[in-house]
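*Asks:* Fold the following and give me the result.
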Amino acid sequence: MNETSSNESETTTDFSSKVAELLPDEVDPDTLSHEQMDDLYASTMQVQDGEIIEGTVVGMEGEYVLVDVGYKSEGLVPRFEFPSRGRDLKPGDSVEVFVEEREDDDGLIVLSKEKANRIKIWDEISKAHDNDEIIQGEVVARIKGGLTVDIGLKAFLPGSQVDLRPVRNLDQFIGKSFDMKIIKLNRKRGNIVLSRRVLLEDERAELKRETLANLTEGMEKVGVVKNITDYGAFIDLGGIDGLLHITDMSWGRVSHPSELLSIGDSVKVIVLKYDKERERVSLGHKQITPDPWESVEIKYPMTGKVRGRVVSITDYGAFVELEQGVEGLVHVSEMSWTRRVRHPSKFVAVGDVVEAVVLNLDKEGRRISLGMKQVEANPWTTVEEKYPVGMRVTGSIRNLTEFGAFVALDEGIDGLIHISDISWTQRFKHPSEILRKGQEIEAVVLSVDVEKERLSLGMKQITPDPWDDINERYAVDDDIEAKITKITNFGVFAAPEDDLEGLVHISELDSDKVKEPQDVVHVGDVFKMRVIKIDREQRRLGLSIRAYVESTGDDPVVSRAPQPVEPPEEESATSAEEAGEVEAGEVEIEEMAVEDEPEAEVVAEVSSEVETVAEVAQEADEEEKAE
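*Replies:* Numbering: from 1, shown residues only. Below you'll find the model as predicted:
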């Protein structure tokens, strides 16, 4: 009890002494009331509401830190407002706090460490904004339109201000720290807008000035790939971008720049062209290495064998890469001696490794002609020995055209039977009248042209020519029997024997005028008739039923071919089917003709056949008029 009274006495004495020090000499402190002395002492405290002051840690009381700020009472600050909940604090440490209220309802001063920090940071941020200073912040989250950055306070970094170019993936920046500038500040609303792009633009402008000052054509530099397009890539040389065109990336074939480069790659380039006025730079990468075409004639001599990879296929051939930057063309006609290659893709595929022979080299034009078939021996070099003229051969019909039939004799060796060499006497509009695809036939070798790779065959040459002794077997005015084989609009053809045909002109069918030959005769009918003309040189035999009847008075009919009798509807259907077959045959013929186009000489022979028939008809007309 005495100890308590003693402490209170000491406190009162100390308080009174402090007040006495503040009073003028003429004022006696004993004359002041206790309330006046309290007000006078409080007025001496440099503490105001809403300001930040420095205090001293006195101690800890539970979840609070006791801080002395030189006021008449200490303040309690929650521990959670301090880093590590104040575990690192000890009595005597100095801390800055914010005075919220000098006295609360209990007469205690209310302090806040958190508000002090916040106000201090705002002051620093405002100062940095006013002075256009650089601050550092850490990206903590991605939000709509940009990023949230911690600079002591939460600030907003718009997506457009993150980098020099738009960034699609903003998540890559989370957790990273960057230097930035404050471009907008509203303390009242608590809004802070940052920009990293401003600093990057300043840095880029400075780099650009340095780069342009030292940039010259022909110099080599290392740059970073900033963007890739279909036609090339933009390379950052340091503040300025240069274009590396796709054609200057590699001596070899490049379909797209992304095959060689990716954004962010470092690449060594050479300055090809620099336009100072427009600040445009053209770059090259392949020019760093020697041009492979400089020594191409040494590496790939004429007739030399080479090996390469097929990199491209066109309608006319395949391009083969011999080395990076050097390609040769294998024309479709140079792919195989034996196979008929309609399209290169039927023979090779992209990526195939093939062997070939150099056929031609044009260094200035940067072209190499290659041949794949020349790697093997040409089978046509031995055709003359294997198939001499006059030799009888057998083969199967591979294809039919308007001018003849192609016969496969050996792999890659075909012979042509011209339509005029099928029969000595019969005339055909198309080989399909007597031959079919796949049919095995026998023929005679008529000629061999190794240079043009042609071999001519003949079927009729297997048997003797019936026209050789025609004058010994037939004479004018002989009466013979002949079978009607073909009907035309100017008459009919009749065969007195298998390999011999003669023409019965329409005027020689009957004593009366005949409008249509089929009104009098039918194919397959056998008639007696008289030989009225023999021309061995022109291979023409003229026959006449009318002359036989007029000279003998006998019935010329030997036998009639049976004629089918069918209902009109069925006949129509049959006719339609036949027409369809003919049409289908014509389509097949056209398709086969596309495979093997007739040479000019073959077409000429076909034309001569048509002219021959026309001449026979004309002569018959003239004879009729003469009679």
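
*Asks:* only C-alpha atoms for contact and neighbour calcs from this point on.
*Replies:* Will do.

*Asks:* For Gly390, list the residues it contacts.
*Replies:* Neighbour list for Gly390: 444-446 [criterion: C-alpha atoms under 8 Å, 6 or more residues apart in numbering].

*Asks:* Now do the SS call for it.
*Replies:* coil (DSSP: H, G, I helix; E, B strand; the rest coil).

*Asks:* tell me the pLDDT at it?
*Replies:* For Gly390, the pLDDT comes out at 90.

*Asks:* Tell me the spacing between it and Leu455.
*Replies:* 12 Å (C-alpha to C-alpha, to the nearest Å).

*Asks:* joint contacts of these two?
*Replies:* When C-alpha under 8 Å, 6+ apart defines a contact, the residues bordering Gly390 and Leu455 alike are 445-446.

*Asks:* you'd agree Met60 is up against Leu66?
*Replies:* Yes. Contact criterion C-alpha atoms under 8 Å: Met60 and Leu66 qualify, at 5.7 Å.

*Asks:* Assumed Arg209 was part of a helix.
*Replies:* Yes. Checked against three-state DSSP, Arg209 lies within a helix.

*Asks:* Can you get me a residue count around it?
*Replies:* 13 (other C-alpha atoms under 10 Å).

*Asks:* do the same with the one 4 residues further on
*Replies:* Ala213 is flanked by 9 other residues according to other C-alpha under 10 Å.

*Asks:* for Gly325, same thing?
*Replies:* 16.

*Asks:* I figured it was touching Pro290, is that so?
*Replies:* No. Gly325 is beyond contact range of Pro290, at 10.5 Å (criterion: C-alpha under 8 Å).

*Asks:* just checking, what packs against whichever strand or helix holds Val267?
*Replies:* Assigned by DSSP states H and E, Val267 belongs to strand 266-275. Packing partners of strand 266-275 (3 or more C-alpha pairs under 8 Å, 6 or more residues apart in numbering; DSSP states H and E): strand 220-228, strand 280-284.

*Asks:* Who has more neighbours out of Met60 and Leu66?
*Replies:* Leu66 (22 against 18).

*Asks:* Off-centre distance for the strand or helix carrying Val193?
*Replies:* According to DSSP H and E, Val193 maps onto strand 191-195. With C-alpha atoms, centre = their mean, to the nearest Å as the basis, strand 191-195 stands 46 Å off its chain's centre.

*Asks:* what's the answer for stretch 378-390, then?
*Replies:* 46 Å.

*Asks:* With stretch 384-395 instead?
*Replies:* 50 Å.

*Asks:* ok, now stretch 414-432?
*Replies:* Using C-alpha atoms, centre = their mean, the offset of stretch 414-432 from its chain centre is 49 Å.

*Asks:* List the buried residues of it.
*Replies:* 414-428, 430-432 (16 or more other C-alpha atoms under 10 Å).

*Asks:* and the contacts of Gly390, which are buried?
*Replies:* 444-446.

*Asks:* Sitting in strands, which of these do you find?
*Replies:* 444-446 (DSSP state E).
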